[in-house]
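> kindly generate the corresponding structure for this input.
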Amino acid sequence: MLTWQIIQLLIGSAIVAVSFNMFMVPNGIASGGVSGLSILVQRLSDITPAITQWAINIPLFLAGLWLLGRKFALKTALGSVLLPLFVLFTDGIHSPTHNPLLAAIYGGIGVGLGLGLVFRGGGSTGGVDLAAQILHKYTGLPLSLAVVCFDGCVIAAAGIIISPEVALYALIALFVTSKTIDFVQTGLQLSKVAFIISEQSEQVADAILHDLDRGLTRLDGHGGYTGAGRTVLMVVVSQNEVPKLKQLVRAIDPNAFVILSNTAEVLGQGFKLPG
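Prediction:
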């Protein structure tokens, strides 16, 4: 398991580095984080982005080791060193486009794909993640807001140093990156969770168990107006099982109250296995 996590970290870091050098650097798209900051430093002083990333990541790692503890900081140790190393190795790679919109979209996809693999492997690339954790611990600022603050400062700086238009492209890249990370971690196989309230709950439960071949949970509920007790059935089904579930419930109790909502990830028998 540890070997597979390291492999994911290696592959993910390599994908991030290639996407960064192929799309972000040539088009000056500084979409937040230490990587974005390294692009700005290169524009100002012609220092290779990998050098800037090491110069920021290593002190942040040491600060995290001191302020956040050994367990948390060690998760970022490998990524903090590997990502700049891959960025150095892939420096100067040919860019297939100089259209900033295409670069923002495809660069965002590539960076998000790589970071998603890193996160799935239980790792981190350090940088803003560590800085945000430190800020969160010692100021009480919500972690998500701390990340937004750091990324926002980098993008704002890009608007000043490069151009406001480039900053707008950087926002697109940041959005695409976040959505791609979500996709890598949860996939496209959205499941549905259904809550069913029916006067014939036993018959509905029997149909779900035997005709749909899905497990379910019986929850104790009470009517908000009457206060009367009633059974609420909770069942998780795949997307293509939703029509059959609705048909089964409608056939037994046309007046049943059914709530269906998306659930991004389900672990357990009949769905994905943990890990």
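> for the helix or strand residue 3 falls within, packing partners?
Residue 3 belongs to helix 2-19 when elements are defined using DSSP states H and E. Applying 3 or more C-beta pairs under 8 Å, 6 or more residues apart in numbering; DSSP states H and E, one finds that helix 2-19 contacts helix 70-89, helix 100-120. To be clear about C-beta, it is placed using only N, CA and C from the backbone, and glycine gets the same treatment.
> for that helix, buried residues please.
8-10, 12-19 (16 or more other C-beta atoms under 10 Å).
> Throw those residues into a markdown table and include distance to residue 70, thanks.
Putting those into a markdown table (distance: C-beta to C-beta, whole Å) gives the following:
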| residue | distance to residue 70 |
| --- | --- |
| 8 | 22 |
| 9 | 19 |
| 10 | 23 |
| 12 | 23 |
| 13 | 22 |
| 14 | 27 |
| 15 | 28 |
| 16 | 25 |
| 17 | 27 |
| 18 | 32 |
| 19 | 31 |
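> which member of these is positioned nearest residue 158?
residue 19 (17.5 Å; C-beta to C-beta).
> sorry, back to before: looking at the buried residues of helix 2-19, spot the one nearest residue 27.
residue 19 (11.9 Å).
> surely that closest one and residue 115 touch.
No. In this structure residue 19 lies outside contact range of residue 115 using C-beta atoms under 8 Å: 9.9 Å.
> what about the helices in the chain?
2-19, 25-27, 33-45, 49-67, 70-89, 100-120, 128-139, 143-161, 164-186, 201-210, 242-252 (DSSP state H).
> which of those helices has the lowest average pLDDT?
Of all the helices of the chain, helix 128-139 carries the lowest average pLDDT, namely a mean of 76.
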